[in-house]
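Chemist: I'll drop the sequence and a predicted model, then ask my questions.
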Amino acid sequence: MGYKKAARVLPEELLASIQQYVDGEYLYIPRRTESKKSWGSSTNIRSELKVRNENIYADYSLGWECRDLADKYYLSIKSIQRIIRQSK
C-alpha cells in the first residue's frame, strides 16, 4: 500500500472537509467492497501452502512423527497436527 498526497488527488473542497475531522493525521481509506481481492489472489502463496500441506501429510503417512515434521517444515507441532487433521 502506498501513500498519496491528498492535496494532489482530492478536490480542494473535499480536502478542506476532511481536514475538519483529521488535520495532519494519517487516514486509511478502505477499498470498495467490489474492489477487494481475496487473500493470496495476487501471489502464489495459496498453491504453495497447498503443496506444502500435501507434503506434510504424505510424510506423516510414511510414518514421520509430528515433532520431526515440525522441525522439517519450521512449524509448531499444533500447526502440523491441524494440517494433518484437515488433510484426512
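Modeler: Cool, got the structure.
Chemist: State the pLDDT value of the residue nearest the centre of the chain.
Modeler: Nearest residue to the geometric centre of the chain (C-alpha atoms, centre = their mean): W39, 5.6 Å. You'll see W39 listed with a pLDDT of 76.
Chemist: In terms of helix, strand or coil, where does it fall?
Modeler: The three-state label for W39, taken from DSSP: H, G, I helix; E, B strand; the rest coil, comes out as coil.
Chemist: Identify the residue nearest it in space, chain neighbours excluded?
Modeler: Leaving aside its chain neighbours, W39 sits nearest to R46 (7.9 Å; criterion: C-beta to C-beta, 6 or more residues apart in numbering). Every residue, glycine included, has its C-beta placed from N, CA and C.
Chemist: The one you found and G40 touch, don't they?
Modeler: Yes. Look at R46 against G40 with C-beta atoms under 8 Å: they come within range, at 4.1 Å.
Chemist: Spit out the contact partners of K72.
Modeler: Residues in contact with K72 (C-beta atoms under 8 Å, 6 or more residues apart in numbering) are D59, W64.
Chemist: change it to 6 Å
Modeler: Under the criterion of C-beta atoms under 6 Å, 6 or more residues apart in numbering, the contact list for K72 is empty.
Chemist: What are the buried residues along the strand or helix carrying it?
Modeler: Using DSSP states H and E, K72 sits within helix 66-73. By 16 or more other C-beta atoms under 10 Å, the buried positions in helix 66-73 come out as C66, L69, A70, Y73.
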